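Chemist: Provide a 3D model corresponding to the input given below.
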Amino acid sequence: MGSAVRLAVAAVATFGALATPAGLAWADKTAQQTISELQSQGYTVNIDRIGTGPLSDCVVTSVRNPQQVTQWLPAVGPVLGSRDQTVLVETVGVGQSETAVADMVDMFIVLLLPAGGDDLQGIKRGVIELADLIVVNKADGDLKATAKRSAADYQHALRMLRSPTAGWTPEVMTCSALTGEGVAGIWETIERFRKAVGPQGTARRRAEQARAWMWNEVGETLLAALRKHPEVKRLVGGLEREVEAGKTTPAAAARRMLEVFHGR
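Modeler: Residues are numbered from 1 along each chain as shown. Modelled structure (predicted):
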């Protein structure tokens, strides 16, 4: 990637609902339909699931696009492939995708709608803790005053949190996608972030991310191997029922599966 900056923009709904990316998956689709559609769009899909039956009879625990890829997303910048290109990674809402993408980028931006009171409480604290920059959109018309108040509330909340990036204090801004007000200021803040963190800070962050990805891949690979193990697959149904009935503890059931996995 050279000196290219990687930005994540997390679009967070104030109602706490998950937004669905257009053209990927809808709530009324089956797991197999969603997987097939993702694969048709070029995604490499790994499936972790509980149970041994068909997908329609199982609980699909995750469908992921592996972090170890050979191509980056299309760049947004003056010259694709230049050392100054910017890669924007947009997430799909409040959930695990935010914490995952924060480990893939140089700067994590959380995009919010104007909110107040109970709506502010609905935003996951974990997402806010990861933010290098919080942007409250729709700061126009009747919502302008509400957006300003929301920004002030988030600024106050950030004072009680530790910065996720050394050398930088997270900031809160407002903007309007409708009028363009504040957008130029956001880019200026991104440039200030790059200068504050510096090349060494960016390199250190990417090194830490690479280490985290390695252990995540170890965990995912081991879990997939555990679930595919023939003896474990024969045991899992009974162990799940015993745990649900309170006949054994989750820890004891997990130890039993691991013993079988290791051939003990």
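
Chemist: per-residue confidence averaged over stretch 235-254?
Modeler: Across stretch 235-254, the average pLDDT comes to 94.

Chemist: swap in stretch 223-232?
Modeler: 91.

Chemist: buried residues of it, list them for me.
Modeler: 226, 227, 229, 232 (16 or more other Cβ atoms under 10 Å). No exception for glycine: its C-beta is placed from N, CA and C like everyone else's.

Chemist: also stretch 249-264?
Modeler: 253, 256, 257, 260, 261.

Chemist: just the strands from the chain, written as ranges.
Modeler: For the chain, the strands defined by DSSP state E occupy 5-12, 46-50, 59-64, 86-90, 107-112, 133-136, 171-174.

Chemist: who does the fifth one pair up with?
Modeler: It stands for strand 107-112. Applying DSSP bridges to the sheet, strand 107-112 is found paired with strand 5-12 (parallel), strand 133-136 (parallel).

Chemist: lowest average pLDDT across those?
Modeler: Of all those, mean pLDDT reaches its minimum on strand 5-12 (a mean of 53).

Chemist: can you give me the helices in the stretch 101-250 of the chain?
Modeler: Using DSSP state H, counting those that start in this stretch, the helices found in the stretch 101-250 of the chain span residues 118-121, 125-130, 144-158, 183-228, 230-245, 250-261.

Chemist: shaky segments in this protein?
Modeler: Across the chain, residues meeting the criterion (pLDDT under 70) sit at 1-29, 31, 41-85, 92-99, 116-125.

Chemist: residue 129 against residue 161, yeah?
Modeler: Yes: the pair residue 129 and residue 161 passes the contact test of Cβ atoms under 8 Å, sitting 5.5 Å apart.

Chemist: and those two? Which one has more around it.
Modeler: residue 129 (16 against 13; other Cβ atoms under 10 Å).

Chemist: for that one, give me its contacts.
Modeler: Contacts for residue 129 (Cβ atoms under 8 Å, 6 or more residues apart in numbering) come out as 161, 162, 164.

Chemist: and with 7 Å instead?
Modeler: Taking Cβ atoms under 7 Å, 6 or more residues apart in numbering as the definition of contact, the neighbours of residue 129 are 161, 164.

Chemist: please apply the same query to the one 10 residues further on.
Modeler: Residues in contact with residue 139, defined by Cβ under 7 Å, 6+ apart, are 147, 148, 174, 175, 176, 181, 182.

Chemist: isn't the fourth one up against residue 137?
Modeler: Put plainly, it is residue 175. Yes: if you go by Cβ atoms under 7 Å, residue 175 and residue 137 touch, sitting 5.8 Å apart.

Chemist: ok, so what distance separates residue 145 from residue 139?
Modeler: Here the criterion is Cβ to Cβ, to the nearest Å. By it, residue 145 lies 9 Å from residue 139.
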